[in-house]
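Visitor: Fold the following.
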Amino acid sequence: MNLALTAPRRFDWGILFPVVGLLALGLVMVYSSSAVLGADRYDSQYFFLKRQALRVVIGLALLLFLSRVDYHRYIAIAPWALAGSVLLLAVLVLVGGAGVRGANRWLNVADFTLQPAEVARVACVIYLARLLDRKGERIRSFRDGILAAVVILGVLAILILKQPNLGSTIALLVTGFLMLHLAGARHRHLAAVVGVGAALAVAVVLRHPYMLDRVQGWFSHWSTGVVDAQGKSWQLHQSIVALGSGGIFGEGPGRGLQKFFFLPDPHTDFIYAVIGEELGFVGAVLVLVAYVVLFLRGLRIAGKAPDRFGFLLASGLTLSLAVYVGMNLSVVTGIIPTTGLPLPFLSYGGSALVVNLGVVGVLLNIASQMQTGIRTNPVFGSAARRRPGGF
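Guide: Alright, predicted model coming up:
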């Protein structure tokens, strides 16, 4: 399989600036939020910072590499990438892996861990872009249009739920749903898919006690204001306290108190709460601005992609990042129950950080091939070439 490299005609700094800014802030906040935990568990306040810095370097190397790979080459790679991700998820289900709070989500590879769900979400976007591009006008049919995509999403969702990992499952399905919508699927077909997905989510929550505890804790926190000291709503309560105590300008970097074993996972899923406490309302808003700039630029790249595959690929990759950000911030602010998704480019993590930087590399390559002065697409304003073909 030939992956010949070509230097991109230009780098899209509209994508790079917010990503680099978030990465730099992420290193600062990972250290600030994890120094106490690292000193307590690993006798080094720099334990998490060093690991995060290494992953940033690996991720940036992947970003640069993928920015030079013509995105059209993913058309041939897509089936293999999807099959490989299904295999990784199946291995995780069959043999188990590294677990946290009753969920097995990581495979141990030498001294590193790999989260197959992160690989699967990107492989799924690439394959759906290929599939929906080839479906063309047939996308408006259920059997000959979206059924294959629904089956693929269903298989991946079931394998991810087996970990169990409801948050990643929801993120995958929402991204897939949005891609089907952008490809032109009928609303009644999408409504049926949403109904089945919602019923499946309810069944999974009822089957797993720890998920049900999270939902009950979230509901009781807002309906009664009672804080469960045993954990059902403790994390959400401490997150709200951290966000509220920061005020306009925050307590100052490193001066937050919630990370001193009050707020669980301050350096991973709840790093935005630490940002709100230490950098205040101003810092929290600037982070949101960086994400908005990144997503708008990603959608603009999709809108000016030279073909329909590029449009769907850039849209799917951008939306997958946006869904992760939206779900994480919704958890931290109490809009939805805790799901366990990291905040892209900011949270401490391995697979998620490297994969997300790889996603940016693909977007950069599509951006380097953007066209101007062509007939516009009603969705984002670009030409979207429909090619014939089948599954």
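Visitor: SS state for residue 339?
Guide: coil (DSSP: H, G, I helix; E, B strand; the rest coil).
Visitor: correction: residue 269
Guide: Applying three-state DSSP: residue 269 is coil.
Visitor: Residue 344 versus that one, what's the distance?
Guide: 12 Å (CB to CB, to the nearest Å). To be clear about C-beta, it is placed using only N, CA and C from the backbone, and glycine gets the same treatment.
Visitor: again with residue 176
Guide: 18 Å.
Visitor: And residue 356, by the same measure?
Guide: Distance check for residue 356 against residue 344: by CB to CB, it reads 5 Å.
Visitor: And the next helix or strand past the longest strand along the chain?
Guide: Across the chain, the longest stretch assigned as strand under DSSP state E is strand 103-109. Remark: after strand 103-109, the chain's next helix or strand is strand 112-114, criterion DSSP states H and E.
Visitor: so how far is that following strand off the chain centroid?
Guide: Centroid separation for strand 112-114 versus its chain: 18 Å, with CA atoms, centre = their mean, to the nearest Å.
Visitor: mind listing what that strand pairs with, with the direction of each?
Guide: strand 103-109 (antiparallel) (DSSP bridges).
Visitor: Just the CA trace of the partner strand, in PDB.
Guide: This file holds the C-alpha atoms of strand 103-109, laid out as PDB (Å, rounded to 0.1, in the frame of the first residue of the first chain):
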ATOM      1  CA  ALA A 103     -14.600  -0.500  32.300                       C
ATOM      2  CA  ASN A 104     -12.000  -2.200  30.100                       C
ATOM      3  CA  ARG A 105     -11.100   0.400  27.500                       C
ATOM      4  CA  TRP A 106      -7.300   0.000  26.900                       C
ATOM      5  CA  LEU A 107      -5.100  -2.600  25.300                       C
ATOM      6  CA  ASN A 108      -1.600  -2.900  26.800                       C
ATOM      7  CA  VAL A 109       1.100  -2.700  24.100                       C
END
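Visitor: gap between it and the chain center?
Guide: 18 Å.
Visitor: now do stretch 166-176
Guide: On CA atoms, centre = their mean, the centre of stretch 166-176 falls 9 Å from the chain's centre.
Visitor: ok, residues contacting that stretch?
Guide: Contacts with stretch 166-176, where a contact means CB atoms under 8 Å, 6 or more residues apart in numbering, come from 117-118, 120-121, 124-125, 128, 149, 153, 156-157, 160-161, 197, 201, 204-205, 208, 211, 316, 319-320, 323-324, 327, 339-341.
Visitor: hey, C-alpha coordinates of it in CSV?
Guide: Taking Å, rounded to 0.1, in the frame of the first residue of the first chain, the C-alpha atoms of stretch 166-176 are listed here in CSV:
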residue,chain,number,x,y,z
LEU,A,166,-21.4,4.6,26.7
GLY,A,167,-19.8,8.1,26.2
SER,A,168,-17.7,7.0,23.2
THR,A,169,-20.6,5.1,21.8
ILE,A,170,-22.8,8.1,21.9
ALA,A,171,-20.1,10.3,20.3
LEU,A,172,-19.6,7.8,17.5
LEU,A,173,-23.3,7.5,16.8
VAL,A,174,-23.9,11.3,16.9
THR,A,175,-21.0,11.8,14.4
GLY,A,176,-22.4,9.1,12.1
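Visitor: show me the contacts for the residue sitting nearest the centre point of the chain.
Guide: Closest residue to the average C-alpha location of the chain: residue 324 at 3.8 Å, with CA atoms, centre = their mean. Contact analysis of residue 324 by CB under 8 Å, 6+ apart lists 171, 341, 342, 343, 344.
Visitor: quick one, helices of the chain?
Guide: Using DSSP state H, the helices of the chain run over 13-42, 47-67, 74-95, 116-135, 147-161, 166-183, 187-207, 209-223, 234-245, 271-303, 308-332, 351-367.
Visitor: Quick check: buried residues in the third one?
Guide: What it means is helix 74-95. Under the neighbour-count criterion of 16 or more other CB atoms under 10 Å, helix 74-95 has 74, 75, 77, 78, 81, 82, 85, 86, 88, 89, 92, 93 buried.
Visitor: And for the second one?
Guide: By neighbour count, and taking 16+ other CB under 10 Å as the criterion, the buried residues in helix 47-67 are 47-49, 51-52, 55-56, 58-60, 62-63, 66-67.
Visitor: avg pLDDT for it?
Guide: If you average the pLDDT over helix 47-67, you get 95.
Visitor: swap in the last one?
Guide: Rounded to a whole number, the mean pLDDT of helix 351-367 is 95.
Visitor: could you give the angle of that helix to helix 166-183?
Guide: Helix 351-367 and helix 166-183 are oriented at 10 degrees to each other (axes from the mean of the first three to the mean of the last three CA atoms, to 10 degrees).
Visitor: Noted, bye for now.
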